[in-house]
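*Asks:* Quick one: sequence and predicted model below, then my questions.
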Amino acid sequence: MRPEPDFEDLFVEEYPRVVRTVFFVLQDEGRAEEVTQDAFVQLLRHWAKVRDYDRPGAWVRRVALRLAVKTARREQRLVALTRRLRPQQVQELPVFPISPETMAALRSLPVKERAVVVLHYLEDRPVAEIADLLDCTESAVKMRLARARHHLADLLGEEVSSHVG
Amino acid sequence: MSVEQRLRTDLHAVGQSIHPDPWAALGEVETMATRHQHRTSIALTLAAAALIAAGVIWGPGMIDWITGQPDVAPVDEVEQDDSLPPQEPTSEWAETLGVIWPTPGPVTSELSDRYALDVMRLFIADADDFRAAVEAAEQTGQAFPLAAPGFSLRDQAGEYPDGYLEAETVIGLQFHVHDTTSEAHSWSPDGFESTLTLPTGELADLLPHHASPADGVSYEDIVLYACDEPVQQLRETGTLEWRIVHAEITPGVTVDEVPPLRVDYSYTVTQGPPAVDGPSIPVEEWAETVGLTQPVEQALIHQDGFGVAVDELFIASGDDFRAVVAAYETGEDLRIAECMGGSDCPDPADNPLFGPGFSMRGPDEEYYAGFADAETVIGLHYVTINGSGEDVTLKPEGSTSSLSLADGHTAEWLPHNGFQPGRWSGGWHDLALYRTDAPVEQVRAAGALEWLTPPPVGAAGVAVEDWPPLRISYEY
């Protein structure tokens, strides 16, 4: 299946961005690329239709994020079950060379909170857009953001700004 | 610094350190989309054939359209790279050659105290199809699927081995050899002297091939045999007996007279209903249609570092399950194509029942035996965990598993595709299916099942005792 030039343009522009976003949800660069590629396969299959949307990039980002959240949840469940099986086994967690404390703190968040934080603080997306991408209500996004901010502030020893809720 | 400032600074710093290569990824995406398109083409061809058989549609070019599939599908478009593991075949390639798993799953043998071998997959192919596949790979320079990198049947003079050009049928066994101490070696993929006894009692002739040496703790390759028996005679249910007489698996390490491996297989399938003529059940209603629910109590067994948990189950009438499968086969694309964008746009991750590559059809695209006439179908979504710290060979739940109903009856295993056996160091999810003649209301009312499934590993050096039955309680 040979992609059309406009698909290639979109791919080259959006792929690295989507990988970065998905990376923060999964905390694994290789898995992030796999999930992102799965999402773009869906986009390529449905390109004839999706190309006419206002923002085809948002379509693939939505698919990638949902796949990432689903993948991360499954992996969390596996880790929990494995821990039950082998409580003495120490799980090796990735250590990131840049901002390791922040990455570790991010990993401690529930998966959807992690996604909300990344979309808000990395991509500067407004609450309404995050709600659309994650298929939830705006109040759910606000609640997750507030909870994540307080949790992260505790872990990182920082303050929560007074003007945010 | 506020936590908001810190998050913005740190996330951007980490994000800027990630530089994925979009052009390399574009090739991957293109290949994956092509594979999916091939599968879709086959489903469409089958659906059209069913409609024509029923006299529904006809027109000029229809026969060409239906029969116009090439005899052998092109292998994946990647360049040969000897550092890569064997390449997975496209679905059409696998169907043409008849690639299947042993029954009920990979077969393991200890080559010595230290080395173990698993037969992962096999094929029994019409030799013309096989030769066409070999020629296609030679002409394009592409890797031969399932074989070790550098695979070639030609000797140094460029000649094929004796018996290759005259063979009626070619049999291939894909195997995986590893050192149970996990020490790396330089493996010798073409160092096997072996015989293969057919179900008829006849011996097949070894077709020696060459491949590139590979470094690592394990390697995979195929071993090939030629015989004069017609392919259809062998493509039933039977047992192949593989006897390794001598093998130099890595320089200086030889094994001799390995006890024969018995590889059971089955190509037996029955004709199922034709694909439905349109999407009948929206994906959002699949879970409700089959009665997807969760166990009342956590269903989990674990032993020796391995475990299995059932996180969801369904008990459906055979008709409802077949309708959902039919909708899956024909409706998925339409479901997404009809989407006009916005927040109501469904996505592939929303499929509540089936994992990637799921299919109830065997290698010849017919439904597996037991699917078409099942009164009631029981599905278990399970997760298997490897907490042993070992890298082992995994098996699907397979035909040796069984499901006991509360009234004392036993439900039979119902095969499906989608699960790929292979090396395993973590865990995986799958769907186990069973059929029974008991009415769905009776099974739902019983409130409990007992699942007897073998441990999911078969690797030498990893001892796993049989698991006790897993009790699964539910409410409808």
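*Replies:* Perfect, thanks for sending it.

*Asks:* And B:Glu193, which helix or strand is it part of?
*Replies:* strand B:192-197 (DSSP states H and E).

*Asks:* With only the CA atoms kept, save that strand in CSV.
*Replies:* What follows is strand B:192-197, C-alpha atoms only, in CSV (Å, rounded to 0.1, in the frame of the first residue of the first chain):
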residue,chain,number,x,y,z
PHE,B,192,21.3,-31.0,10.6
GLU,B,193,21.3,-34.6,9.4
SER,B,194,17.8,-35.9,10.0
THR,B,195,14.9,-38.0,8.7
LEU,B,196,11.2,-37.4,8.6
THR,B,197,8.7,-40.2,8.8
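
*Asks:* Give me the contact list for it.
*Replies:* With CB atoms under 8 Å, 6 or more residues apart in numbering or on different chains as the test, strand B:192-197 has contacts from B:171, B:173, B:203-204, B:206, B:223, B:225, B:240-247, B:260. Quick note: C-beta positions are derived from backbone N, CA and C, even for glycine.

*Asks:* Quick one: buried ones out of those residues?
*Replies:* The neighbour-count test (16 or more other CB atoms under 10 Å in any protein chain shown) marks B:171, B:173, B:204, B:206, B:223, B:225, B:240, B:242, B:244, B:247, B:260 as buried among the contacts of strand B:192-197.

*Asks:* quick one, phi/psi of the last one?
*Replies:* When read as degrees, to the nearest 10, the backbone of B:Pro260 gives phi -60, psi 140.

*Asks:* which regions of the stretch 101-250 of chain B sit below the pLDDT cut-off?
*Replies:* B:104-105, B:182, B:189-191 (pLDDT under 70).

*Asks:* before we move on, what about chain A?
*Replies:* Looking at chain A by pLDDT under 70, you get A:1-3, A:74, A:76-94, A:162-165.

*Asks:* which residues in it form helices?
*Replies:* Under the criterion DSSP state H, chain A contains helices at A:5-26, A:29-45, A:47-50, A:56-85, A:100-107, A:111-117, A:127-134, A:138-156.

*Asks:* Skip ahead from the host helix or strand of B:Glu450 and say which helix or strand is next.
*Replies:* If you go by DSSP H and E, B:Glu450 is part of strand B:448-452. Downstream of strand B:448-452, the first helix or strand assigned by DSSP H and E is strand B:470-473.

*Asks:* okay, now the domains of chain A?
*Replies:* Split into domains by automatic domain parsing, chain A comes to A:1-90, A:93-158.

*Asks:* From A:Tyr15, how far off is A:Val50?
*Replies:* Separation of A:Val50 from A:Tyr15 (CB to CB, to the nearest Å): 15 Å.

*Asks:* Ok, B:Arg262 next?
*Replies:* Taking CB to CB, one finds B:Arg262 at 48 Å from A:Tyr15.

*Asks:* More neighbours: the two, which one.
*Replies:* Higher neighbour count among B:Arg262 and A:Tyr15: A:Tyr15, with 24 against 14, using other CB atoms under 10 Å in any protein chain shown.

*Asks:* coming back round to it: nearest to B:Glu28, of the helices of chain A?
*Replies:* helix A:29-45 (5.4 Å; CB to CB).

*Asks:* tell me the angle of the closest one relative to helix A:5-26?
*Replies:* Angle, helix A:29-45 to helix A:5-26, by axes from the mean of the first three to the mean of the last three CA atoms, to 10 degrees: 140 degrees.

*Asks:* by contact count, what packs against helix A:29-45?
*Replies:* Helices and strands touching helix A:29-45, by 3 or more CB pairs under 8 Å, 6 or more residues apart in numbering or on different chains; DSSP states H and E, are helix A:5-26, helix A:56-85, helix B:22-53.

*Asks:* Let's see that with 10 Å instead.
*Replies:* helix A:5-26, helix A:47-50, helix A:56-85, helix B:22-53, helix B:318-337 (3 or more CB pairs under 10 Å, 6 or more residues apart in numbering or on different chains; DSSP states H and E).

*Asks:* Tell me how far the shortest one lies from the chain's centre.
*Replies:* The chain centroid and the centroid of helix A:47-50 are separated by 24 Å, computed with CA atoms, centre = their mean, to the nearest Å.

*Asks:* Pull the CA coordinates from it and hand them back as PDB.
*Replies:* What follows is helix A:47-50 as a C-alpha-only set of coordinates in PDB (Å, rounded to 0.1, in the frame of the first residue of the first chain):
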ATOM      1  CA  TRP A  47      -6.900   7.900   4.500                       C
ATOM      2  CA  ALA A  48      -9.300   8.300   1.700                       C
ATOM      3  CA  LYS A  49     -11.900   9.300   4.300                       C
ATOM      4  CA  VAL A  50      -9.900  10.900   7.000                       C
END
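
*Asks:* got the buried residues for that helix?
*Replies:* Of all the residues in helix A:47-50, those buried under the rule 16+ other CB under 10 Å are A:47, A:49-50.

*Asks:* Filter those to keep only those in contact with chain B.
*Replies:* Contacts with chain B are made by A:47, A:49-50 out of these, judged by CB under 10 Å from any CB of the partner chain.

*Asks:* Sort out which one of these lies nearest chain B for me.
*Replies:* The nearest member of these to chain B, counting by CB to the nearest CB, is A:Lys49 at 5.6 Å.

*Asks:* Please work out how many residues are found near B:Pro439.
*Replies:* That count, for B:Pro439 with other CB under 10 Å as the rule, works out to 12.

*Asks:* ok, it touching B:Glu375?
*Replies:* Yes: the criterion here is CB atoms under 10 Å, and B:Pro439 meets it with B:Glu375 at 6.6 Å.

*Asks:* Between those two, which contacts overlap?
*Replies:* B:Ser317 (CB atoms under 10 Å, 6 or more residues apart in numbering or on different chains).

*Asks:* hang on, B:Val3 packs against A:Leu145?
*Replies:* No: B:Val3 lies out of contact with A:Leu145 (CB under 10 Å); the separation is 11.3 Å.

*Asks:* So between the two, which is more surrounded?
*Replies:* Taking neighbours as other CB under 10 Å, B:Val3 and A:Leu145 compare with B:Val3 leading, 25 against 21.

*Asks:* gap between the more buried one and chain A?
*Replies:* Between B:Val3 and chain A the distance is 4 Å, computed by CB to the nearest CB, to the nearest Å.

*Asks:* List the residues that contact that residue.
*Replies:* Contact analysis of B:Val3 by CB under 10 Å, 6+ apart lists A:102, A:105, A:121, A:148-161, A:164.

*Asks:* Which other helices and strands does the strand holding B:Glu450 contact?
*Replies:* Other helices and strands packing on strand B:448-452, by 3+ CB pairs under 10 Å, 6+ apart, are strand B:299-303, strand B:306-317, strand B:376-386, strand B:402-405, strand B:410-414, strand B:427-436, strand B:470-473.

*Asks:* Just the angle for it relative to strand B:410-414, thanks.
*Replies:* 60 degrees.

*Asks:* Now do the buried residues in strand B:448-452.
*Replies:* B:449, B:451.

*Asks:* Skipping its backbone neighbours, what lies nearest B:Ala147 in space?
*Replies:* Once flanking residues are discounted, B:Ala147 sits nearest to B:Ile222: 4.8 Å by CB to CB, 6 or more residues apart in numbering or on different chains.

*Asks:* wait, that neighbour sits on B:Ala125?
*Replies:* No: here B:Ile222 lies out of contact with B:Ala125, judged by CB under 10 Å, at a distance of 11.5 Å.
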